[in-house]
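A.B. asks: Structure, please.
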Amino acid sequence: MTGGLVAASCHSEEDVVRAVDIGADFCVLSPVRATASHPGAVPLGWKGFSSIVANASIPVYALGGMRAPDLDLARKQGGQGIAAIRGLWRGDS
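C.D. replies: The predicted structure is shown next:
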């Protein structure tokens with residue numbers, strides 16, 4: 001695809017490294033918090049997110065249980081921003 005961006009969905013530091021290796025332009029890293037869409041997933045928490053982002057060479061967006069107020073926190077933890085559906089589109093912020 002010419003002129004488009006490539007994103008990767010990541011769940012670990014190894015996934016982020018692989019995203020870089022395949023030439024992804026950015027990635028989403030999840031789940032940072034518990035989320036209804038993946039009830040059995042173990043959240044990374046902000047500490048885990050921050051640790052992975054510290055070594056990333058591409059922009060990383062926090063995903064999983066995100067709401068509008070998490071944007072500043074994600075940036076303070078080294079992330080580019082947040083990605084969300086339920087937490088932003090339903091007005092749940």
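
A.B. asks: contacting residues around residue 13?
C.D. replies: 51-52, 55 (CB atoms under 8 Å, 6 or more residues apart in numbering). Every C-beta, even on glycine, is put in place using the N, C-alpha and C of the backbone.

A.B. asks: ugh, typo on my part, it should be residue 43
C.D. replies: For residue 43, the contact set (CB under 8 Å, 6+ apart) comprises 31-35, 64-65.

A.B. asks: want to try CSV for those, with pLDDT and distance to residue 19 as columns?
C.D. replies: What follows is the contacts of residue 43, written out as CSV (pLDDT from 0 to 100; distance: CB to CB, whole Å):
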residue, pLDDT, distance to residue 19
31, 96, 17
32, 96, 17
33, 94, 21
34, 90, 23
35, 86, 20
64, 93, 17
65, 92, 21
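
A.B. asks: out of those residues, who has the most neighbours?
C.D. replies: Highest neighbour count within the contacts of residue 43, by other CB atoms under 10 Å: residue 32, with 26 neighbours.

A.B. asks: can you map out the strands along this structure?
C.D. replies: 7-10, 26-29, 60-63, 81-83 (DSSP state E).

A.B. asks: about what we covered before: most neighbours out of the contacts of residue 13, which is it?
C.D. replies: residue 52 (24 neighbours).

A.B. asks: Quick one: low-confidence residue ranges for this protein.
C.D. replies: Residues of the chain meeting the criterion pLDDT under 70: 1-2, 90-93.

A.B. asks: the helices in it, which residues?
C.D. replies: Secondary structure of the chain (DSSP state H): helices located at 13-21, 45-53, 70-76, 86-89.

A.B. asks: just so I know, which of the ones you listed lies nearest residue 3?
C.D. replies: Within these, the stretch nearest residue 3 is helix 13-21; the backing value is 19.6 Å (CB to CB).
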